[in-house]
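> When you get a sec, could you give me coordinates for this:
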Amino acid sequence: MTIVKNKEEMENSSPRKRGRPPAFDRETVLAAARDTFWKHGYDGSSIADLTAAMGITPQSLYAAFGSKAELYRETLDQYRRMPRPEPGNPFQDKVDTVSAFEHFLTNSAKIFTAPEHPKGCMISTAVLNCAEENEPIAHHVASMRLQTLDIFTARIERGIAEGDMRPDVEARSLARFLGAIVQGMSVQARDGATTNELLALMSHAIDALNRVTIKGNRNEQ
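Residues are numbered from 1 along each chain as shown. Here you go, the predicted structure:
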């Protein structure tokens, strides 16, 4: 049996470019597309939804970004570049391991519940289920989550090496636990949890981290 794809599926799977690049601020229209994807997900955001939010025509979208999939990838990159409520990179700063994750999770709680954009995390719970033709996008987002898991693991291993985390800590499993906390915070924010409620949830993760620290070494770096 021949399966005939609908028009939008064919447009999404066949990148194309038409005419000259349109005259608009790329970061501004990306932000509009980002918030549309963030709110409705990849499958739930149609070309019509995206162009309406971006204020451009479908032809301009394809000319500037090539395809819906490429636009989504760019919005994910922009999401990662968004300013955080508390500046700095906690995983590179010279602080102990618990403080690094406390900083990261506090930022997460505030971002996930900020009123100026959709709730939750655009990456941690994105594209968990999708149509078969969108599996490359799902794999791309999964690879981004894996990168975060690697960053968590490396920071815990650094804490072990620097002496503020116990040497018997299993870094990868602890990193997965913290990743699960982030994903849970994202889902609960989408369901209406407030900043304070997420910070209270986060405190239990910090308590768990404190149980595997080496007492006396925290905050001495």
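
> lowest-confidence helix or strand of this protein?
Every helix and strand of the chain was ranked by mean pLDDT, DSSP states H and E. The lowest is helix 7-13, at a mean of 46.

> And the next helix or strand past that one?
Following helix 7-13 in sequence order, the next helix or strand is helix 26-40 (DSSP states H and E).

> In stretch 150-157, which residues are buried?
In terms of neighbour count (16 or more other CB atoms under 10 Å), stretch 150-157 has its buried residues at 152-153, 155-157. C-beta here means a position set from N, CA and C on the backbone, and glycine is covered the same way.

> before we move on, what about stretch 104-120?
For stretch 104-120, a neighbour-count test (16+ other CB under 10 Å) marks 104-109, 111-113, 117-120 as buried.

> residues making contact with it?
With CB atoms under 8 Å, 6 or more residues apart in numbering as the test, stretch 104-120 has contacts from 35, 38-39, 82, 84-86, 90-91, 121, 178, 181-182, 185-187, 189-190, 192-195, 198-199, 201-202, 205-206.

> One more: stretch 191-205?
Under CB under 8 Å, 6+ apart, the answer for stretch 191-205 is 101-102, 105-106, 108-110, 112-113, 119, 177-178, 181, 184-185, 188-189.

> Which ones among those map onto helices?
Among those, DSSP state H puts 101-102, 105-106, 108-110, 112-113, 177-178, 181, 184-185, 188-189 in helices.

> Which strands and helices lie in contact with the lengthiest helix in the chain?
In terms of residue count, the longest helix belonging to the chain (DSSP H) is helix 135-162. Applying 3 or more CB pairs under 8 Å, 6 or more residues apart in numbering; DSSP states H and E, one finds that helix 135-162 contacts helix 68-81, helix 97-113, helix 171-190.

> Highest mean neighbour count out of those helices?
Neighbour counts (mean count of other CB atoms under 10 Å) averaged over each of the helices and strands packed on helix 135-162 peak at helix 97-113, with a mean of 21.
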